[in-house]
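[1] build me a model:
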Amino acid sequence: MTTTGVTISQGESANPHVAQKLAGGPGRIGMAVFSIALVVGVGYAGTQLFRDLVDVHPTSALPFILLGVALLVALGFEFVNGFHDTANAVATVIYTHSLSPQIAVVWSGLWNFIGVLVSTGGVAFGIISLLPVELILQVGSGAGFAMVFALLTAAIIWNLGTWYFGLPSSSSHTLIGSVIGVGLANQMMRAGSSTATSGVDWSQAGKIGKSLLLSPLVGFTVAALLLLVMRAVVKKKELYEAPVGSAPPPFWIRCLLLLTCTGVSFAHGSNDGQKGMGLIMLILIGTVPTAYALNHAVSAKETQDFIAVSAQASTTLDRYAGSATVTGDGRDQVTTYVRTKELAPDTVAGLGKLVGSVGHDLSIYKELRNVPADQTRNFRNDLYLIGEALRMMDKAHQPTIAAADVDVLKNYKKHVDKSTKFIPSWVKVAVAIALGLGTMIGWKRIVITVGEKIGKDHLTYAQGAAAEITAMATIGAADAFGLPVSTTHVLSSGVAGTMAANHTGLQWATVRNLLMAWVLTLPVSILLSGSLFWVFSRFGG
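    Okay, the predicted model is just below:
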């Protein structure tokens with residue numbers, strides 16, 4: 001198969017020792033273990049979902065049908081994500097013969113699963129904040145579903161295309177591009193409307209864009225420097241030589257590479273695994289808001305704290321409202337501010353009233369689980385608007401607020417986020433299963449590209465370790481800051497950096513293809529998702 005005039009192997013290794021291992025299967029024990037894990041995981045996710053839906057009594061079967069279709073599409077994105085990104089973590093241990101391919105894939109899948117389970121959700125909701133606010137507030141409408149289906153379908157199409165040609169493209173770039181495409185299409189489609197509308201939060205997109213742009217540069221540079229440092233400090237000749245035949249490396253080198261593979265797999269799960277979680281939560285909120293719009297795990301005591309903090313926050317905001325007066329509950333003023341990002345004279349006054357109104361209602365309900373079914377979606381939307389308004393004010397430093405009052409508002413926002421920004425454990429399990437299945441089925445193409453087609457010589461032990469240590473640290477740091485980065489970009493650029501530092505040379509034909517795929521990912525996904533959003537909106541209203 002060719003692309004841009006360069007032959008790309010589709011799942012066939014030129015290295016006979018690696019090819020023999022790649023051709024092997026997982027064996028009966030491996031299949032048995034994987035099957036048991038799959039059955040247990042699917043059973044747990046299905047049981048928890050059923051338990052959550054027991055008390056939901058829709059007037060028709062349509063919400064459940066939409067829920068099923070949307071979940072399949074969202075998990076399909078994570079499945080294809082496993083083709084690309086998880087495979088990068090196992091390339092180095094396979095090509096250094098540290099682990100057999102089948103064991104490496106299972107081991108990586110296990111640590112991906114653990115990474116997903118302990119993830120905080122910061123990356124998931126960071127991506128969600130890029131979406132147009134009116135589509136998030138109306139996620140249960142036709143336009144809301146058009147948004148979710150458009151961006152997920154666009155991401156799946158591009159990821160499958162690049163995987164087919166064996167190109168380690170970034171699922172992160174693809175999803176971000178799809179989100180931007182939906183935002184731009186939404187803005188253009190509403191251009192003639194008298195209603196204020198939002199397109200793309202360019203400040204947030206810029207923040208995420210920088211992390212995606214800088215991470216491969218960091219991967220290339222740091223991995224190259226790390227290899228040079230290792231050469232100067234660790235005087236072990238065998239560390240810098242390519243494997244001989246199919247013999248495994250010395251025990252200590254094998255332990256090092258196993259450790260780095262584990263770290264990359266865990267970091268990938270905790271970062272990339274979150275990308276679909278936020279979208280799945282939007283789907284759940286849109287189809288069955290009674291069960292998922294609000295965090296029912298918030299205890300009665302925490303709710304009482306929330307009520308008390310709400311009164312403090314409302315009083316604090318009133319001190320900065322000036323002479324502005326607001327009729328109603330302040331929702332219109334806050335909505336306008338979140339959409340336009342322009343602080344009006346009555347914005348703070350409106351926010352103070354909305355905070356007070358929500359706190360008053362919560363004092364009546366006592367607990368979030370007691371919010372009436374017909375009020376759940378509106379109650380969550382109010383909390384979402386409040387949280388976004390506080391985030392934007394804090395970021396813009398407008399209005400100027402005293403340090404003590406800033407602490408009060410930050411404490412209040414923590415309660416808001418805990419009530420609305422949560423991810424049930426069964427969602428994490430379902431995402432981990434989808435990632436694992438994708439890895440088990442589609443890992444070979446990307447592994448071969450990373451292991452054989454970036455550098456001219458065989459990957460050495462030191463190069464594999466340097467690339468994976470860099471990827472592990474970069475992804476872990478990004479996860480701590482709630483920023484999405486591409487495992488694909490960081491690791492493949494790290495491998496390229498070690499090849500350059502080792503003066504073994506790069507296969508520029510492959511590098512050109514990788515760069516072209518990376519450059520085209522954003523514009524193609526923007527165009528795809530924007531077009532699909534327009535088409536789906538015609539059907540969904």
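[2] start and end of stretch 325-344, how far apart?
    12 Å (C-alpha to C-alpha, to the nearest Å).
[3] list the buried residues of that stretch.
    V326, D329, G330, R331, Q333, V334, T335, T336, Y337, V338, R339, K341 (16 or more other C-beta atoms under 10 Å). For every residue, glycine as well, the C-beta is placed using N, CA and C.
[4] same question for stretch 355-364.
    Going by neighbour count (16+ other C-beta under 10 Å), the buried part of stretch 355-364 is V355, G356, S357, V358, G359, D361, L362.
[5] now it: average pLDDT?
    Confidence for stretch 355-364, expressed as mean pLDDT, is 92.
[6] how about the CA coordinates for it, as CSV?
    Taking C-alpha atoms only, stretch 355-364 is exported to CSV below (Å, rounded to 0.1, in the frame of the first residue of the first chain):
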residue,chain,number,x,y,z
VAL,A,355,-25.8,31.2,43.0
GLY,A,356,-28.3,32.2,45.7
SER,A,357,-31.2,30.7,43.8
VAL,A,358,-29.4,27.4,43.4
GLY,A,359,-28.4,27.3,47.0
HIS,A,360,-32.0,28.0,48.1
ASP,A,361,-33.3,25.2,45.9
LEU,A,362,-30.7,22.8,47.2
SER,A,363,-31.7,23.7,50.8
ILE,A,364,-35.2,22.5,49.9
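[7] which members of the buried residues of stretch 325-344 are the farthest-apart pair?
    D329 and K341 (21.4 Å; C-beta to C-beta).
[8] how close does the residue in the chain sticking out farthest from the centre sit to A349?
    For the chain, the largest distance from the centre (C-alpha atoms, centre = their mean) belongs to S323, which lies 43.0 Å off. Relative to A349, S323 is positioned 9 Å away (C-beta to C-beta, to the nearest Å).
[9] for L217, same thing?
    46 Å.
[10] count the residues that sit near L184.
    Look at L184: counted by other C-beta atoms under 10 Å, it has 18 neighbours.
[11] which ones among the buried residues of stretch 325-344 are found in helices?
    Applying DSSP state H to these, the entries found in helices are R331, Q333, V334, T335, T336, Y337, V338, R339.
[12] for R231, state which of these is nearest.
    Among these, and counting by C-beta to C-beta, the member closest to R231 is V338, at 53.1 Å.
[13] surely the closest one meets E134?
    No - look at V338 against E134 with C-beta atoms under 8 Å: they stay out of range, at 9.4 Å.
[14] shaky segments in the stretch 201-350 of the chain?
    Scanning the stretch 201-350 of the chain with the threshold set as pLDDT under 70 gives 201-205, 207-208, 211-212.
[15] could you pull out the helices for it?
    Listed in chain order, the helices of the stretch 201-350 of the chain (DSSP state H, counting those that start in this stretch) span 202-233, 251-271, 275-287, 289-292, 300-318, 331-340, 347-365.
[16] now the last one and helix 300-318, what's the angle there?
    Orientation note: helix 347-365 sits at an angle of 160 degrees relative to helix 300-318 (axes from the mean of the first three to the mean of the last three C-alpha atoms, to 10 degrees).
[17] all helices for the stretch 51-200 of the chain, in order.
    Applying DSSP H, counting those that start in this stretch to the stretch 51-200 of the chain gives helices spanning 62-81, 87-95, 101-117, 122-128, 133-137, 142-164, 171-189.
[18] what helices or strands is the fourth one leaning on?
    In terms of contact count using 3 or more C-beta pairs under 8 Å, 6 or more residues apart in numbering; DSSP states H and E, helix 122-128 is assigned the packing partners helix 171-189, helix 202-233, helix 275-287.
[19] with the shortest one instead?
    Using 3+ C-beta pairs under 8 Å, 6+ apart as the contact criterion, the secondary-structure elements in contact with helix 133-137 are helix 142-164, helix 171-189, helix 331-340, helix 376-396.
[20] centre of the chain versus whatever helix or strand comes next after the last one, how much separation?
    Okay, so that is helix 376-396. Going down the chain from helix 376-396, the next helix or strand is helix 403-420, by DSSP states H and E. Offset of helix 403-420 from its chain centre (C-alpha atoms, centre = their mean, to the nearest Å): 24 Å.
[21] return helix 403-420 as CSV; C-alpha atoms alone will do.
    Only the C-alpha atoms of helix 403-420 are listed here, as CSV (Å, rounded to 0.1, in the frame of the first residue of the first chain):
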residue,chain,number,x,y,z
ALA,A,403,-7.6,37.3,48.0
ALA,A,404,-9.9,36.2,50.8
ASP,A,405,-13.0,36.4,48.6
VAL,A,406,-11.2,34.5,45.8
ASP,A,407,-10.7,31.6,48.3
VAL,A,408,-14.4,31.6,49.1
LEU,A,409,-15.3,31.4,45.4
LYS,A,410,-12.7,28.7,44.7
ASN,A,411,-14.1,26.7,47.6
TYR,A,412,-17.6,27.1,46.2
LYS,A,413,-16.5,26.1,42.7
LYS,A,414,-15.0,22.8,44.1
HIS,A,415,-18.5,21.9,45.3
VAL,A,416,-20.0,22.8,41.9
ASP,A,417,-17.5,20.7,40.1
LYS,A,418,-18.0,17.7,42.4
SER,A,419,-21.7,17.9,41.7
THR,A,420,-21.4,18.0,37.9
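[22] gap between the residue nearest to S299 when sequence neighbours are not counted and I280?
    Leaving aside its sequence neighbours, S299 sits nearest to E367 (C-beta to C-beta, 6 or more residues apart in numbering; 7.9 Å). E367 sits 25 Å away from I280, going by C-beta to C-beta.
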